[in-house]
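>>> how would this look folded up:
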Amino acid sequence: MDVGPEIARRVFVLQLTTGEHVMADERFFLVRTDGCAVSNAGWTALELDVMAEHRWWSRAELAETTEPVFPETLLDMLTAATR
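Here you go, the predicted structure:
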């Protein structure tokens with residue numbers, strides 16, 4: 001798997017399911033893979049509580065899905081990074 005450079009970053013206040021507000025610092029990387037499994041083995045209890053699903057997506061899958069994907073601008077980030 002090739003983890004490339006950081007392509008985008010978001011810093012914002014996020015309200016947790018407990019009502020607590022935290023500063024979120026999200027960093028996004030372009031990753032090329034041939035189908036590696038994704039694991040939640042290192043997740044915290046909070047991450048397990050708030051994350052419904054995670055997996056690798058192709059650009060075509062992101063463009064076609066009707067499922068909610070976060071961040072909502074993920075495809076735009078990818079497009080800007082690969083111009």
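>>> hey, let's count contacts and neighbours off CA atoms from now on
Fine.
>>> Contacts for the lengthiest helix in the chain, please.
The single longest helix within the chain, with elements called by DSSP state H, is helix 74-81. Helix 74-81 has contacts (CA atoms under 8 Å, 6 or more residues apart in numbering) with 7-8, 30, 59, 62-63.
>>> again, only this time at 7 Å
Helix 74-81 is contacted by residues 7-8, 62-63 when judged by CA atoms under 7 Å, 6 or more residues apart in numbering.
>>> quick one: M51 from T44, how far?
Relative to T44, M51 is positioned 11 Å away (CA to CA, to the nearest Å).
>>> related to what we said a few turns ago, take the contacts of helix 74-81 and keep only those in helices.
Per DSSP H, the contacts of helix 74-81 map to helices at 62-63.
>>> what's the closest of the contacts of helix 74-81 to V69?
L62 (8.1 Å; CA to CA).
>>> can you give me the helices in this protein?
With helices called from DSSP H, the chain shows them at 45-50, 59-64, 74-81.
>>> okay, the ones you listed, which one's buried deepest?
Compared across those, helix 74-81 shows the largest average neighbour count, a mean of 14 (mean count of other CA atoms under 10 Å).
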